[in-house]
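Student: Sequence plus the predicted model coming up.
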Amino acid sequence: MAVLKRRVPMHSLRYFLSLVGLFSKPRLLPWYARNPLGWSKLFLGTVCKGDFTHVIATKYQKGQKSRKKPRHLGPVDGSWQERLADVVTPLWRLSYEEQLKVKFEAQKKILQRLESYIQMLNGVDVTTAVSKSERLSFLLHPIIPSGNIVCVQSNHLKNIPEKHTQVAQYYEVFLRQSPLEPCLVFHEGGYWRELIVRTNSQGHTMAIITFHPQELSQEELHGQKEIVKEFFIRGPGAACDLTSLYFQESTMTRCSHQQSPFELLFGEPYIFEELLSLKIRVSPDAFFQINTAGAEMLYRTVGELAGVNSDTILLDICCGTGVIGLSLAQHTSQVLGIELVEQAVEDARWTAAFNGITNSEFHTGRAEKILPGLLKSKEDGQSIVAVVNPARAGLHYKVVRAIRNCRAIRRLVFVSCKLHGETTRNVIELCCPPNPAKKLLGEPFVLQQAVPVDLFPHTPHCELVLLFTR
Ligand SMILES: C[S@@+](CC[C@H](N)C(=O)[O-])C[C@H]1O[C@@H](n2cnc3c(N)ncnc32)[C@H](O)[C@@H]1O
């Protein structure tokens with residue numbers, strides 16, 4: 001059995017005791033464009049060609065004849081370890097310089113397609129030589145490398161810290177001795193589901209176990225919690241020296257704290273991180289960037305592009321634990337944060353109070369519900385800078401519409417972890433000519449600058465910071 005990380009989530013590393021990931025189809029990545037057509041065709045994945053695994057495998061196995069082998073009997077190309085590395089960290093064979101080049105070109109291609117589409121919407125003839133050229137009308141900065149590349153040898157995957165590997169390995173020991181089956185495929189039963197490990201720069205470690213209770217009684221469930229707690233306090237797992245162990249009983253694939261509470265089995269309830277001179281509190285349900293040094297580079301970039309001053313109201317939409325707004329609070333008149341996850345908002349309020357920040361206000365709930373009303377109450381001529389940092393699903397169209405129709409917002413910083421699908425639609429709706437049918441009435445934004453920031457070395461993921469003004 002191997003301990004695998006199945007995907008690269010934004011806020012933590014999850015481990016699954018399953019080889020399922022290795023058999024999944026190669027995922028297509030959006031870096032190869034064909035002809036620019038409609039935006040949905042352009043950006044929704046249908047025009048992608050190839051994937052990193054394929055490209056790298058081709059590069060390294062030229063001249064080798066392909067052999068057919070049954071998929072379940074053993075590795076076809078290279079060792080299992082290499083295949084796993086190809087799936088989880090497809091760029092691992094490239095030098096870091098080469099990785100940055102690949103990522104920069106990928107971001108540039110996406111921006112070129114986006115720009116020509118926006119030009120087309122605005123009536124520019126995209127067949128002319130200038131618009132067909134590779135030049136962009138806005139400033140695309142060189143990619144900012146990850147601040148701190150940590151290449152720890154842990155299960156041979158370069159993006160997993162040693163501590164995470166250690167906790168995952170002890171969890172595996174625990175699972176092997178448990179009479180209850182692990183839950184490998186959600187709908188196929190089993191109890192022990194995911195392990196999420198979070199570490200901070202001081203080495204404090206929070207582990208969160210999600211567990212499917214199946215038919216267990218409350219008493220039996222209590223018994224299991226005691227057993228796993230004992231394993232990590234006094235049993236072999238004590239070697240991990242966990243700062244906290246959380247347990248979430250979960251009958252859905254994903255549950256918020258409200259749906260099913262994170263129960264602290266032992267230790268400290270929070271983990272703290274030092275970033276941009278702030279001490280930040282992080283709860284188990286709150287998002288936090290996985291690469292703190294890289295995140296600092298990202299937030300500095302956002303701060304520079306936001307260009308706030310003491311008269312500015314800074315809107316931090318999808319603010320998580322509030323780091324972006326709070327790191328700029330002293331340069332603004334007020335910070336207004338909106339965030340869906342209640343624990344993250346509580347963290348943001350705690351962080352503001354602990355760091356002596358008194359000009360911030362955080363709202364819990366969906367941005368699409370809160371923002372329109374919040375903007376109405378601020379229509380007194382004061383300039384507003386908006387920063388949006390949505391999850392991969394992008395912003396709800398009501399958020400885009402509220403921003404677009406608020407005259408006080410002349411400057412917008414959009415942090416995208418994946419300029420794709422809905423996020424591309426967001427950008428188009430921010431920049432297209434006024435469209436009464438869609439209630440997009442305000443002046444269009446113009447993309448001025450784009451800065452790719454690499455938070456995820458060895459993987460194809462890259463953050464992109466976009467500055468729009470009007
Ligand atoms: C990529 S994270 C960014 C968080 C924060 N800016 C940071 O850097 O830590 C996206 C955040 O958006 C929140 N979110 C998702 N959907 C939302 C919605 N409809 N309204 C408000 N926040 C939402 C998530 O809970 C998550 O905290």
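Tutor: In hand now; what should we look at?
Student: mind listing the strands for the stretch 301-450 of the chain?
Tutor: Using DSSP state E, counting those that start in this stretch, the strands found in the stretch 301-450 of the chain span residues 313-317, 334-339, 360-364, 384-388, 409-416, 446-453.
Student: Between strand 384-388 and the second one, find me the angle.
Tutor: Counting by axes from the mean of the first three to the mean of the last three CA atoms, to 10 degrees, strand 334-339 points 30 degrees away from the direction of strand 384-388.
Student: Strand 334-339 to strand 313-317, inter-axis angle?
Tutor: Orientation of strand 334-339 against strand 313-317 (the same axes, to 10 degrees) gives an angle of 10 degrees.
Student: do strand 334-339 and the ligand meet at all?
Tutor: Yes - on the criterion CB under 6 Å from any ligand atom, strand 334-339 is in touch with the ligand at 338-339. C-betas here are computed from N, CA, C, even on glycine.
Student: Using TSV, lay out the strands of the stretch 301-450 of the chain together with distance to A168.
Tutor: Compiled in TSV, these are given as follows (distance: least, CB to CB, whole Å):
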stretch	distance to A168
strand 313-317	33
strand 334-339	29
strand 360-364	33
strand 384-388	34
strand 409-416	30
strand 446-453	28
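Student: would a markdown table of those with mean pLDDT and mean neighbour count be doable?
Tutor: Below are the strands of the stretch 301-450 of the chain laid out as a markdown table (pLDDT from 0 to 100; neighbours: other CB atoms under 10 Å):
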| stretch | mean pLDDT | mean neighbour count |
| --- | --- | --- |
| strand 313-317 | 98 | 26 |
| strand 334-339 | 98 | 25 |
| strand 360-364 | 98 | 19 |
| strand 384-388 | 98 | 25 |
| strand 409-416 | 97 | 23 |
| strand 446-453 | 96 | 21 |
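Student: Not counting sequence-adjacent ones, nearest residue to whatever residue of the chain ends up closest to the ligand?
Tutor: Shortest the chain-to-the ligand distance, computed as CB to the nearest ligand atom: residue-wise this is G320, at 2.8 Å. Using CB to CB, 6 or more residues apart in numbering and skipping the chain neighbours, the partner closest in space to G320 is F287 (4.3 Å).
Student: Up against the ligand, what does this structure have?
Tutor: Contact residues (CB under 6 Å from any ligand atom) of the chain with the ligand: 10, 287-289, 318-321, 323-324, 338-341, 344, 366-368, 389-391, 396, 417.
Student: Report all helices and strands that the longest helix anywhere in the chain contacts.
Tutor: Longest helix in the chain by number of residues, with DSSP state H as the criterion: helix 96-121. Using 3 or more CB pairs under 8 Å, 6 or more residues apart in numbering; DSSP states H and E as the contact criterion, the neighbours of helix 96-121 among helices and strands are helix 39-43, helix 129-132, strand 139-140, helix 421-431, strand 446-453.
Student: Can you name every helix or strand that the next helix or strand after the shortest one contacts?
Tutor: Past strand 139-140, further along toward the C-terminus, the next helix or strand under DSSP states H and E is helix 162-177. Counting by 3+ CB pairs under 8 Å, 6+ apart, the packing neighbours recorded for helix 162-177 are strand 13-15, strand 192-199, strand 205-211, helix 218-233.
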